[in-house]
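K.L.:
predicted coordinates and the sequence they were generated for:
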There are 2 protein chains.
Amino acid sequence: MGKKLTKRAEDYSKWYNELVVRADLAENSGVRGSMVIKPYGYAIWEKMQAELDRMFKETGHENAYFPLFIPKSYLSREADHVEGFAKECAVVTHYRLKNAEDGSGVIVDPDAKLEEELIVRPTSETIIWDTYKKWIQSYRDLPVKVNQWANVVRWEMRTRLFLRTSEFLWQEGHTAHATKEEAIEEAELMMNIYAKFAEEFMAVPVVKGLKTESERFAGALETYCIEALMQDGKALQAGTSHFLGQNFAKAFDVKYATKDGKQEYVWATSWGVSTRLMGALVMTHSDDNGLVLPPKLAPIQVVIVPIYKGEEQLDAISERVAGLVQELRAKGISVKFDNRDTHKPGWKFNEYELKGVPVRLGIGMRDMENNTFEVARRDTLEKQTVAADQVVDHVSALLEDIQENIFKKAIDYRATHITEVDTFEDFKEVLENKGGFISAHWDGTAETEDKIKELTKATIRCIPLDAKAEEGVCVYSGKPSGRRVLFAKAY
Amino acid sequence: MGKKLTKRAEDYSKWYNELVVRADLAENSGVRGSMVIKPYGYAIWEKMQAELDRMFKETGHENAYFPLFIPKSYLSREADHVEGFAKECAVVTHYRLKNAEDGSGVIVDPDAKLEEELIVRPTSETIIWDTYKKWIQSYRDLPVKVNQWANVVRWEMRTRLFLRTSEFLWQEGHTAHATKEEAIEEAELMMNIYAKFAEEFMAVPVVKGLKTESERFAGALETYCIEALMQDGKALQAGTSHFLGQNFAKAFDVKYATKDGKQEYVWATSWGVSTRLMGALVMTHSDDNGLVLPPKLAPIQVVIVPIYKGEEQLDAISERVAGLVQELRAKGISVKFDNRDTHKPGWKFNEYELKGVPVRLGIGMRDMENNTFEVARRDTLEKQTVAADQVVDHVSALLEDIQENIFKKAIDYRATHITEVDTFEDFKEVLENKGGFISAHWDGTAETEDKIKELTKATIRCIPLDAKAEEGVCVYSGKPSGRRVLFAKAY
């Protein structure tokens, strides 16, 4: 604890890094670009996983596990895919170490060179479609709707905790379908599930949309995405769902016999979200005092801090608190009673504020006399005194209120940070001084998209699915456009 | 489906491989030594994970995540550890591919060579203790009780699905303690948790014991283990828990300040179980017809198969079954109603037998008239007719009975396959003709242990914790011995 966090207004990026480390979410490791996810951060990720996994299973998906290593030649099978993915990755070339002759440690054994190098998976389309070839023969074998929770590696030169790390954790769904329509429906379903998860659990509002051709996943015909807006006005891609057409089926020769005995290539999707969501969670809600966590994902929803002098007072408080803890737990609320005598109440208050615990209950001698608790909510930092016999209901309602309130706050922030502009001057001005999403007409060409990116660093985050048809002219080229798209600088 | 499984008596090893593949548990992948865990197999693993994770958390452990890659130099820090582990492993030497100039695909970019090679973790003691150095300063920071669910890689030349694969899934717990006593207590606690899990959930009886020095984990002062016995008379190490002393604390310089301000090295444990447990599960209970799964870990506990002609009959049966499915689910029993019209009842019966579904309910027109179900239990293959209004209670009790029965069967098998021998002739004879555990006196030396292994391929599986003090002479050397140990051929 000790010194205060850097303020967001001072240095947003520094605030984020400090917060992630000091709130015990994650830290850098001795391995360049790889992070350690600490128990408190991992507990949040586990809650995310549990909800997502439930949503996947409810929609008919099953989990499985595929190899970490991909033979190098697999990557070359789908031409676009290799262009987009094969470059920055970890390559395994040897399978044995041996003692150095000078006794200085171990060295790579030159005799143990692999015939074909193995790539640590940056994503698993190739190894999975190589497997699906064995699983799919007939229309009876379809659809295949499989997900895996896994680690992946994409070599990154500039890394940031959760947002961009060489190794990260994610889930990747890979489905196979008999028809194009069914595959598109699946890709859209998963985008909708991601959006629902982001909004209802993370309390992070997202725009659902399509990526432009240049921002699409390598090998996809269409990439659906959800885009969130951080408090510094930068966008963050929070999840993607790809309609892959028959590209991977063709690359790995996966055909099925239709009911009338014809051989057809299978249609595919893939979709994923990663530990990057942790970055989105932190950056959407947190403040200069520390994390603000949505109650639905908080590992500790309620902390109870006793304010006392001497063992006798602590015993009396502990006795009073025991029943309350049980009642709250019976309601499915996770509670921690912090009775450590190694730290003072003020220190604990700061710690739980930093760690974003949604509700804090304080109880001292005056509360004991009055039969009350002091209830503090993390989102607004408001405090109030509540009668002991009402505290369970109060806390229960308060948790729901906090979940809604932080979502509303994020919605309001975003609403004031989507700016319609119609000239390139305004575009640059808004981007520079206000940030956020810029809603502007675009002529639909990659050239204009590239040029705008080159001049402003803003990219097209998505073509919103709910964009209205609207005649206009491209903000850069002046050519005609049928609807607005969203630009932003992005993580 | 189609042709029958190889029989156990014919070729146990072939039976196992066929069963794992045909019951949809796992299969080999295009990557040498790496398997694909299929959805049905993974669903069993998920159930194992859920129970173990609950047991870990109930005993105060938290999950976290550490990097996949370990810098090569870390491995050399603990001398015994590197001897035992550093040799057969996957080595990452480069971080980029590039297009081959001849357009033939991608090649490793020679300019992207790592300064220090990275090892894909074979186990994580080194990277974790490098991290604990940052986490532990004072007695207030202890104990640290962390677990991670992860994939690990140990290069294997001869692999077998689940039993020995280059990549496998596991959990590894790594704890740090202020005192030696506390660390030993932790190591014993985790061995006991593993034993409880194996017996109560997997229905696999295990012997708790200590490894001999030569069989110990590389870097451990003591290795506790649980040993199970397979139906072919070979032993399988199902889990290990290591007391690491201060070896890793010294190697990574992890000290803590005691209450009176002294600097002391930290005491450590590590413990793990892996997807190998899947192999133990299969080999303990299954028979020539297929898998036999303990109800507590079966993804589908009850399957209902309709026997009908035409849609009208199916509709009538479906209506009758709907309420039953709900009632069973309300009791927390997982049920599948297989109403597919693409397969005949006989085919389905075989399929669920192969997949080890504990209870199968059949319902045809006669059952409709009599208001009954045909109830078949997978373990004994017995069938009986049960009145519809009693079927929920019947099935509920039956699931418990099956869980107990297969455990008892395994206990009985083991009881008749622990043979006390007192001469080396008997030792060889029993090992050759009967198999199982051989309980024999051993003089306590590594020389004798090695010699016996060389002559018979049997190893000391463990020194059972409950071994009675008993004067005797070593079965091989004739030197004095204070208690019997368990020998066996092992997986």
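P.N.:
In hand now; what should we look at?

K.L.:
from here on, contacts and neighbour counts on C-alpha atoms
P.N.:
Fine.

K.L.:
the residue nearest to residue A:123 when sequence neighbours are not counted bridge partners, please.
P.N.:
If the residues on either side of it in the chain are set aside, residue A:123 comes closest to residue A:152, at 6.5 Å by CA to CA, 6 or more residues apart in numbering or on different chains. Beta-bridge partners recorded for residue A:152 (DSSP bridges): residue A:168.

K.L.:
could you give the number of residues near residue A:152?
P.N.:
For residue A:152, the neighbour count with other CA atoms under 10 Å in any protein chain shown is 25.

K.L.:
surely it touches residue A:89?
P.N.:
No: in this structure residue A:152 lies outside contact range of residue A:89 using CA atoms under 8 Å: 9.7 Å.

K.L.:
what touches both of these two?
P.N.:
A:120, A:122 (CA atoms under 8 Å, 6 or more residues apart in numbering or on different chains).

K.L.:
the stretch 201-350 of chain A: strands as residue ranges?
P.N.:
Assigned by DSSP state E, counting those that start in this stretch, the stretch 201-350 of chain A shows strands spanning A:207-210, A:222-229, A:235-245, A:255-257, A:263-265, A:267-274, A:302-306, A:335-337.

K.L.:
JSON lines for these, including mean neighbour count?
P.N.:
Shown next, in JSON lines, are the strands of the stretch 201-350 of chain A (neighbours: other CA atoms under 10 Å in any protein chain shown):
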{"stretch": "strand A:207-210", "mean neighbour count": "22"}
{"stretch": "strand A:222-229", "mean neighbour count": "27"}
{"stretch": "strand A:235-245", "mean neighbour count": "25"}
{"stretch": "strand A:255-257", "mean neighbour count": "21"}
{"stretch": "strand A:263-265", "mean neighbour count": "18"}
{"stretch": "strand A:267-274", "mean neighbour count": "25"}
{"stretch": "strand A:302-306", "mean neighbour count": "24"}
{"stretch": "strand A:335-337", "mean neighbour count": "17"}
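
K.L.:
next SSE after the longest helix anywhere in chain A?
P.N.:
In chain A, with assignment by DSSP state H, the single longest helix is helix A:391-415. Scanning forward in sequence from helix A:391-415 by DSSP states H and E, the next helix or strand is strand A:418-420.

K.L.:
give me the buried positions along the following helix or strand past that next one.
P.N.:
Counting by DSSP H and E, the element after strand A:418-420 in chain order, helix or strand, is helix A:424-433. Buried residues in helix A:424-433, defined by neighbour count with 16 or more other CA atoms under 10 Å in any protein chain shown: A:424, A:427-428, A:430-431.

K.L.:
let me know the closest of these to chain B.
P.N.:
Distance to chain B across those (CA to the nearest CA) is lowest for residue A:431, with 34.5 Å.

K.L.:
residue contacts, that closest one?
P.N.:
For residue A:431, counting by CA under 8 Å, 6+ apart, the contacting residues are A:438, A:456, A:458, A:488-489.

K.L.:
please redo it, this time with the cut-off set to 10 Å
P.N.:
Contact analysis of residue A:431 by CA atoms under 10 Å, 6 or more residues apart in numbering or on different chains lists A:233-234, A:419, A:425, A:437-438, A:456-458, A:487-489.

K.L.:
does residue A:5 lie in a helix or a strand, and which?
P.N.:
With DSSP H and E as the criterion, residue A:5 is inside neither a helix nor a strand.

K.L.:
which phi and psi does it have?
P.N.:
Here is the backbone geometry of residue A:5 (degrees, to the nearest 10): phi -70, psi 150.

K.L.:
contact partners for it?
P.N.:
A:14-19, A:22, A:287-290, A:354.

K.L.:
among the residues you listed, which are in helices?
P.N.:
Per DSSP H, the contacts of residue A:5 map to helices at A:14-19, A:22, A:354.

K.L.:
if any of these are buried, put those into a ChimeraX selection.
P.N.:
Here is the ChimeraX command that selects the buried residues among the ones in helices among the contacts of residue A:5 (16+ other CA under 10 Å):
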select /A:15,16,17,18,19,22,354
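
K.L.:
per-residue confidence for residue A:86?
P.N.:
On pLDDT, residue A:86 comes in at 60.

K.L.:
before we move on, back to that, tabulate the contacts of residue A:5 (JSON lines), appending distance to chain B and pLDDT.
P.N.:
Formatted as JSON lines, these follow (distance: CA to the nearest CA, whole Å; pLDDT from 0 to 100):
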{"residue": "A:14", "distance to chain B": "21", "pLDDT": "97"}
{"residue": "A:15", "distance to chain B": "21", "pLDDT": "98"}
{"residue": "A:16", "distance to chain B": "20", "pLDDT": "98"}
{"residue": "A:17", "distance to chain B": "17", "pLDDT": "97"}
{"residue": "A:18", "distance to chain B": "16", "pLDDT": "98"}
{"residue": "A:19", "distance to chain B": "17", "pLDDT": "98"}
{"residue": "A:22", "distance to chain B": "12", "pLDDT": "97"}
{"residue": "A:287", "distance to chain B": "25", "pLDDT": "98"}
{"residue": "A:288", "distance to chain B": "24", "pLDDT": "97"}
{"residue": "A:289", "distance to chain B": "23", "pLDDT": "97"}
{"residue": "A:290", "distance to chain B": "20", "pLDDT": "98"}
{"residue": "A:354", "distance to chain B": "18", "pLDDT": "98"}
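
K.L.:
what's the closest of the residues you listed to residue B:412?
P.N.:
For these, the closest approach to residue B:412 (CA to CA) belongs to residue A:22, at 55.1 Å.

K.L.:
my read is that that closest one contacts residue A:354, right?
P.N.:
Yes: contact criterion CA atoms under 10 Å: residue A:22 and residue A:354 qualify, at 7.8 Å.

K.L.:
about what we covered before: for the residue nearest to residue A:123, which residues are in contact?
P.N.:
Contacts of residue A:152 by CA under 10 Å, 6+ apart are A:68-69, A:89-90, A:120-124, A:165-172, A:274, B:68.

K.L.:
what's the average pLDDT for stretch A:301-319?
P.N.:
Taken as a whole, stretch A:301-319 carries a mean pLDDT of 97.

K.L.:
that stretch near chain B at all?
P.N.:
No: Stretch A:301-319 does not reach chain B (CA under 10 Å from any CA of the partner chain); its nearest approach is 16.9 Å.

K.L.:
in that stretch, which residues are buried?
P.N.:
A:301-308, A:313-314, A:317.

K.L.:
any chance of JSON lines for these, columns distance to residue B:465?
P.N.:
Formatted as JSON lines, the buried residues of stretch A:301-319 follow (distance: CA to CA, whole Å):
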{"residue": "A:301", "distance to residue B:465": "43"}
{"residue": "A:302", "distance to residue B:465": "43"}
{"residue": "A:303", "distance to residue B:465": "42"}
{"residue": "A:304", "distance to residue B:465": "43"}
{"residue": "A:305", "distance to residue B:465": "44"}
{"residue": "A:306", "distance to residue B:465": "45"}
{"residue": "A:307", "distance to residue B:465": "47"}
{"residue": "A:308", "distance to residue B:465": "47"}
{"residue": "A:313", "distance to residue B:465": "46"}
{"residue": "A:314", "distance to residue B:465": "43"}
{"residue": "A:317", "distance to residue B:465": "44"}
